[in-house]
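Visitor: Give the three-dimensional model of this entry:
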Amino acid sequence: MRVRAGLTATGAGELLGVNQARVSMIETGRTPVSADRLRSMARAYACSDQDLVDALAAMTGRRTRGWWDGYRDHLPIGLIDLAELEHHAAALRVALVIHIPALLQTTDYARALFKEAVPALRQYEIEHRVSHRIKRQEILHRESPPRYTAVIHECALQMGFGGPATMRAQLRHLLDMSESGHVTLRVIPFGKGSFPGTGQSVDYLTGPVPQLDTVQLDTHHGCEFLDAEAQLGKYGLVLDRMEENALEPTESRDLIRNIAKTM
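Guide: Presented below is the predicted three-dimensional model:
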């Protein structure tokens, strides 16, 4: 809102009666902000989007620690932020080509992936990452879980991470999760040919209002988060196109069962 209003942090501070450091600390989440202060900021920034202001106001108050904070000394900050975003998301859409989606992985499958990291992770680092990943999955098992839609390529089902036994268990777990009312799993078969976003994993996290949506991409340098309107539109379209190339959920389950029989 401040940037769209054409204000620097210093200029905003002058309007609000605080210094630039206070504005920066609020914006980076290092200090809590009250709902009244947030609404004052919105007025100073001439923001007329009441739905956005209300959604932000609902997020204000004294910051409480989430379970992810216990991993801050052990994992990259991007993974901590991703867990918090997932926890608060109203819905999630993901697409992967090589790997099974993180929130649908078994413990053994996740551990097999982390053992392939370059540079190699120490055993305790692997276990921290595995436990963090499994803890993230709790959002799909809570009383009011978010809607979760995953599009994966058949390649991910055939890769064989961890060996046949691990993959069989992983495929059975996919089938079990796909039967959940809030989980939709669709597979792009080899015969579909090309599709957009080839090779890149995409996580689209839906916020309480569209302006708070976030896209997360896996890069060689870690998690990258995007929230510009054009970027959200682009990756929303990529996911739409990938779903168009995927089998229906029932057909996807049939394909997974057939692959599991060959493992």
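Visitor: Only C-alpha atoms from now on, for both contacts and neighbour counts.
Guide: OK.
Visitor: can you list the weak-confidence ranges in the stretch 51-200 of the chain?
Guide: Applying pLDDT under 70 to the stretch 51-200 of the chain flags residues 62-63, 198.
Visitor: so where does residue 11 fall, helix or strand?
Guide: Assessed by DSSP states H and E, residue 11 sits inside helix 9-16.
Visitor: Which strands and helices lie in contact with that helix?
Guide: Contacts defined by 3 or more CA pairs under 8 Å, 6 or more residues apart in numbering; DSSP states H and E place helix 9-16 against helix 20-27, helix 35-44.
Visitor: Of all those helices, which one is nearest residue 234?
Guide: Smallest distance to residue 234 across the helices and strands packed on helix 9-16 (CA to CA): 25.6 Å, for helix 20-27.
Visitor: Just the angle for the closest one relative to helix 9-16, thanks.
Guide: 90 degrees (axes from the mean of the first three to the mean of the last three CA atoms, to 10 degrees).
Visitor: list the buried ones in helix 20-27?
Guide: Within helix 20-27, the residues that count as buried by 16 or more other CA atoms under 10 Å are 20, 23, 24.
Visitor: just to revisit the earlier point, may I see the helices and strands packed on helix 9-16 organised as CSV, with distance to residue 101 and mean pLDDT added?
Guide: Shown next, in CSV, are the helices and strands packed on helix 9-16 (distance: least, CA to CA, whole Å; pLDDT from 0 to 100):
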stretch, distance to residue 101, mean pLDDT
helix 20-27, 31, 92
helix 35-44, 36, 93
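Visitor: So what pairs up with the closest residue to residue 226 other than its chain neighbours in the strands?
Guide: Among residues not flanking residue 226 along the chain, residue 215 sits closest, at 5.1 Å (CA to CA, 6 or more residues apart in numbering). On the basis of DSSP bridges, residue 215 takes part in beta bridges with residue 204, residue 226.
Visitor: same thing with the one 4 residues further on?
Guide: In this structure, residue 219 has beta-bridge partners residue 222, where bridges are defined by DSSP bridges.
Visitor: From residue 53, how far out is it?
Guide: 32 Å (CA to CA, to the nearest Å).
Visitor: Looking at the two, which one has more neighbours?
Guide: Neighbours were counted for residue 219 and for residue 53 using other CA atoms under 10 Å; residue 53 has more, 19 against 10.
Visitor: Return the host helix or strand of the more buried one as CSV; C-alpha atoms alone will do.
Guide: Applying DSSP H and E as the criterion places residue 53 in helix 50-57. The C-alpha trace of helix 50-57 is given here as CSV (Å, rounded to 0.1, in the frame of the first residue of the first chain):
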residue,chain,number,x,y,z
GLN,A,50,-11.9,-2.3,2.5
ASP,A,51,-11.7,-6.1,2.0
LEU,A,52,-7.9,-6.0,2.0
VAL,A,53,-7.8,-3.6,5.0
ASP,A,54,-10.2,-5.9,7.0
ALA,A,55,-8.1,-9.0,6.1
LEU,A,56,-4.9,-7.3,7.3
ALA,A,57,-6.6,-6.0,10.4
